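Q: here's my sequence, what's the structure:
(one chain, ligands or ions: 2)
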Amino acid sequence: MKAVLDHIGIAIRDLPAVLAFYRDALGLEIELTEEVASQRVRAHFLQAGADKLELLEATAPDSPIAKFVEKRGPGLHHITFRVDDIHAALAELKARGVRLIDEQPRPGAEDALVAFIHPSSAQGVLVELKQPATRHQPPAAGRPSSDVVSGFSPASAVTRYWLGDLELISVCDGFFRLDGGSMFGVVPKTLWSPKVPSDDRNRIALAMRPLIVRGVRTMIIDAGMGDKENEKFHDIYGVDRSRHLDHALAEAGVAPEQIDIVLASHLHFDHAGGFTMRDASGRLRPRFPRARYVVRRGEWEDATHPNARNRASYLLDNYAPLAEAGVLQLVDEDQTIMPGVKVRRTGGHTPHHQIVVIESGGKTAAFVADLIPTTAHVPDAWVMGYDLNPLETMTAKQRFAKEAIEKDILVFFEHDPVVAAGYLKEVDGKRQVIPASSFKP
Ligand SMILES: [Zn+2]
Ligand SMILES: [Zn+2]
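A: Residues are numbered from 1 along each chain as shown. Ligands and ions are numbered 1, 2, ... in the order given. Alright, predicted model coming up:
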């Protein structure tokens with residue numbers, strides 16, 4: 001047997017801090033990020049010469065990686081070796097008295113066969129053996145796969161949920177960073193920093209997670225930041241769109257032409273940036289060619305008449321071209337946008353900020369946008385300093401949380417870097433989020 005190093009898996013806690021070292025200092029680029037829903041793990045692959053590093057990030061508290069990090073801290077998780085014949089390799093190791101976790105290989109991603117060796121036989125390191133799909137062929141270059149933590153289920157960068165007759169697909173337009181103090185308003189850093197790590201510029205990592213709703217029509221709610229911004233903007237906001245909406249749509253199997261309706265929670269750049277794009281000639285045009293864009297009239301008025309307080313968030317290029325193209329539909333009141341999908345004004349964050357309530361088959365989901373941007377914002381007083389009317393946010397949040405707990409609403413957190421969706425629960429008088437893993441019927 002001649003084992004060849006395939007990749008090294010590292011359990012991590014804080015992706016931004018990790019990237020500051022592996023990417024920024026060592027110059028290793030993230031080649032691929034895969035969401036392994038079944039294991040509540042996100043795997044980031046970095047190419048390092050002929051081998052790869054696999055950075056394993058938990059996406060839920062009950063993830064095996066979360067448990068690993070909780071118990072032992074971040075660090076080396078496993079090493080994977082490729083072998084030509086995994087059956088022969090296991091037989092030989094067994095004959096040598098090596099302690100195996102898997103006596104028989106099991107199917108891994110991309111039709112590979114994998115098996116684990118107990119750390120007690122490998123100097124304390126969890127070792128995985130992997131036999132790529134076609135023997136005697138070099139392993140597929142490029143696309144690695146998160147075999148170790150999943151091993152058994154196809155990885156996915158999107159998360160799907162079913163709600164009655166509707167399919168809900170959480171997609172991601174990448175990550176950005178905002179000032180931690182601004183994100184938590186009056187909550188002092190002594191309280192928020194143990195829960196949410198910040199970088200050396202005091203910024204915290206946020207995701208942009210639009211939601212696709214597929215029923216009689218196909219809708220996307222918000223569309224992330226898009227790709228019209230320059231380097232300076234990307235630096236200020238720590239933008240990481242190495243995996244963005246195009247990738248997620250492709251993975252979800254939804255073409256931009258299939259989107260019938262684009263629905264805006266509000267028009268801040270991290271929600272509406274992806275509404276428009278520049279074509280080859282540099283002209284701005286709607287990003288979804290067949291869609292009508294539904295925006296609340298009051299929000300439209302505010303966004304097209306920005307003031308000194310909100311000017312940095314409202315960028316005309318993101319939505320003015322929609323009116324010019326004649327694809328804009330303004331709505332005045334709470335109403336049904338497509339069967340099962342209603343908008344509800346909350347105000348607070350902006351005077352006409354709205355959430356989206358989705359109902360089908362007796363079940364309810366809600367896309368709460370900047371009403372509860374992350375799971376850390378679930379407590380009443382944890383309201384963003386960005387909000388124009390924080391008291392209104394608090395009232396709307398209280399009312400929504402009560403309803404969400406009573407009706408067991410599946411809540412989508414647009415900006416949470418880890419949890420795409422979950423259920424609110426009250427335990428000992430304290431609100432909590434139970435992350436929801438995706439499932440297929
Ligand atoms: Zn906003
Ligand atoms: Zn936002």
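
Q: show me what whatever helix or strand residue 399 lives in is packed against.
A: Using DSSP states H and E, residue 399 maps to helix 390-407. Contact analysis of helix 390-407 by 3 or more C-beta pairs under 8 Å, 6 or more residues apart in numbering; DSSP states H and E lists strand 363-367, strand 421-427 as its packing neighbours. C-betas here are computed from N, CA, C, even on glycine.

Q: anything in it near ligand 2?
A: No - Helix 390-407 does not reach ligand 2 (C-beta under 5 Å from the ion); its nearest approach is 12.5 Å.

Q: CA atoms only: put that helix into PDB for me.
A: The C-alpha trace of helix 390-407 is given here as PDB (Å, rounded to 0.1, in the frame of the first residue of the first chain):
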ATOM      1  CA  PRO A 390     -35.600  51.100  17.300                       C
ATOM      2  CA  LEU A 391     -38.700  51.200  19.500                       C
ATOM      3  CA  GLU A 392     -40.900  50.200  16.500                       C
ATOM      4  CA  THR A 393     -38.500  47.400  15.800                       C
ATOM      5  CA  MET A 394     -38.800  46.200  19.300                       C
ATOM      6  CA  THR A 395     -42.600  46.200  19.300                       C
ATOM      7  CA  ALA A 396     -42.700  44.400  16.000                       C
ATOM      8  CA  LYS A 397     -40.200  41.800  17.100                       C
ATOM      9  CA  GLN A 398     -42.100  41.100  20.300                       C
ATOM     10  CA  ARG A 399     -45.300  40.600  18.400                       C
ATOM     11  CA  PHE A 400     -43.600  38.400  15.800                       C
ATOM     12  CA  ALA A 401     -41.700  36.300  18.300                       C
ATOM     13  CA  LYS A 402     -44.800  35.500  20.300                       C
ATOM     14  CA  GLU A 403     -46.600  34.500  17.100                       C
ATOM     15  CA  ALA A 404     -43.500  32.500  15.900                       C
ATOM     16  CA  ILE A 405     -43.400  30.500  19.100                       C
ATOM     17  CA  GLU A 406     -47.100  29.900  19.200                       C
ATOM     18  CA  LYS A 407     -47.400  28.800  15.600                       C
END
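
Q: quick one: the strands in the stretch 301-441 of the chain, in order.
A: Secondary structure of the stretch 301-441 of the chain, counting by DSSP state E, counting those that start in this stretch: strands at 328-331, 336-338, 341-345, 354-360, 363-367, 410-412, 421-427, 430-435.

Q: can you redo these as TSV with mean pLDDT, distance to ligand 1 and mean neighbour count?
A: Shown next, in TSV, are those (pLDDT from 0 to 100; distance: least, C-beta to the ion, whole Å; neighbours: other C-beta atoms under 10 Å):
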stretch	mean pLDDT	distance to ligand 1	mean neighbour count
strand 328-331	98	18	16
strand 336-338	97	19	16
strand 341-345	98	14	18
strand 354-360	98	12	22
strand 363-367	97	13	22
strand 410-412	96	15	24
strand 421-427	92	19	16
strand 430-435	89	20	16
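
Q: how about those, which one is nearest residue 174?
A: Ranking those by proximity to residue 174 (C-beta to C-beta) places strand 410-412 first, at 16.9 Å.

Q: quick one: closest of the helices and strands packed on helix 390-407 to residue 116.
A: Taking the helices and strands packed on helix 390-407 one by one with C-beta to C-beta, strand 421-427 is closest: 30.2 Å.

Q: which non-adjacent residue is nearest residue 390?
A: residue 383 (4.6 Å; C-beta to C-beta, 6 or more residues apart in numbering).

Q: sorry, back to before: got TSV for the strands of the stretch 301-441 of the chain, with distance to residue 48 too?
A: Listed next are the strands of the stretch 301-441 of the chain as TSV, based on distance: least, C-beta to C-beta, whole Å:
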stretch	distance to residue 48
strand 328-331	48
strand 336-338	47
strand 341-345	45
strand 354-360	42
strand 363-367	38
strand 410-412	35
strand 421-427	33
strand 430-435	31
